[in-house]
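# just a sequence and a predicted model for now, questions to come.
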Amino acid sequence: MSIPPLVLLGKNMASIQDLPDDVLLAVLRLLPINELIWNCQLVCSRWRDIMHSSFLWKHKYQEEDADLKMPKTFYIFCHLEKNLIKNPCGEEGLDFWDTATPSNGQWKIKDVFEKDSAKLQAWDFLQRNIYIKDEWIPYQEVAKCFAAYNGLCTKSQLITLKDEGYWDQLMDDGRPTIVVKDWFYSSFNSHYRLCVKLLSEDFKSSGNTTLRTDTNTTQSTTMNGGRSRTLFTTSLRESVTSSFSTTASISTGSNRAAAPN
């Protein structure tokens with residue numbers, strides 16, 4: 001009876017890490033682009049370096065019949081479109097948010113009325129980790145929201161772009177568009193302000209924008225993301241104000257903006 005080859009190899013059995021770079025590159029080329037971006041570059045520094053090579057992406061574009069006249073960053077960003085905000089609608093309480101209530105203010109999580117939720121069932125307000133495809137938009141429903149009561153309340157979130165799959169060279173070369181949106185409701189005599197900052201590697205501001213309004217609307221701001229490493233977003237509310245959805249997304253600008261929520 002013959003013994004299977006794997007048993008004969010024993011402790012000397014080779015692993016994928018023993019493959020030369022050109023062979024490993026050929027293996028990685030077989031994987032979907034989403035897997036390459038979100039998972040493979042996190043395995044080790046060697047895999048990350050291969051992931052960032054122009055040779056890999058050139059072949060991926062050829063296999064997908066992509067327009068080679070477009071820069072490689074265009075196709076990478078197309079596969080990175082999703083909401084970068086963690087816990088955008090309060091489904092996880094106040095997790096991932098830094099909150100402050102300098103006066104007697106208080107943050108609460110509220111249920112969203114069905115008529116309000118229906119307004120958010122559009123591609124502009126998709127949940128985190130939902131990837132966008134032109135031919136298919138998954139059904140989404142927002143059931144929770146943040147609510148500020150009895151005074152000044154702020155909440156903020158710091159997003160490290162590299163942790164979300166946007167490595168430094170990609171941001172520098174691609175200079176993508178960063179879109180931040182917040183859909184909110186304000187009661188009479190209340191105030192709302194959305195502030196977004198782009199921070200460089202040393203956490204110095206490389207660009208910021210502030211929007212203030214007293215009406216019920218969707219606030220949206222667009223910034224150029226070149227040379228930025230971190231996105232800082234904060235919203236300030238006074239009196240009774242509800243935030244139904246906060247979104248931060250990155251796109252190439254020439255493609256459809258990444259769907260949020």
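Structure received. Numbering: from 1, shown residues only.

# can you show me the strands along the protein?
Taking DSSP state E to define them, one finds strands in the chain at 98-100, 106-111, 144-149, 153-160, 177-186, 191-199, 205-213, 217-224, 230-238, 241-251.

# lowest-confidence stretch among those strands?
Mean pLDDT per stretch puts strand 217-224 lowest among the strands of the chain, at a mean of 51.

# count of neighbours near the nearest residue to Asp21 once chain neighbours are set aside?
Nearest in space to Asp21, with sequence neighbours left out and distances taken as C-beta to C-beta, 6 or more residues apart in numbering, is Ile50 at 6.5 Å. The C-beta positions use only the backbone N, C-alpha and C, and glycine is treated the same way. Neighbouring residues of Ile50 were enumerated by other C-beta atoms under 10 Å; the total is 21.

# which residues touch Ile50?
Shown here is Ile50, whose contacts under the criterion C-beta atoms under 8 Å, 6 or more residues apart in numbering are 21, 24-25, 28, 56.

# narrow these to those in helices?
The helices, defined by DSSP state H, take in 21, 24-25, 28, 56 from the contacts of Ile50.

# which of those has the weakest pLDDT?
The member of the ones in helices among the contacts of Ile50 with the lowest pLDDT is Leu56, and it reads 75.

# count the neighbours of that residue for me.
For Leu56, the tally of surrounding residues (other C-beta under 10 Å) stands at 18.

# so how far is Arg193 from it?
Using C-beta to C-beta, to the nearest Å, we find Leu56 at a distance of 43 Å from Arg193.

# any of the ones in helices among the contacts of Ile50 buried? List them.
With neighbours counted by 16 or more other C-beta atoms under 10 Å, the ones in helices among the contacts of Ile50 contain buried members at 24-25, 28, 56.

# format those as a markdown table; extra columns: distance to Tyr149.
As requested, those are exported to a markdown table (distance: C-beta to C-beta, whole Å):
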| residue | distance to Tyr149 |
| --- | --- |
| Leu24 | 56 |
| Leu25 | 56 |
| Leu28 | 51 |
| Leu56 | 52 |
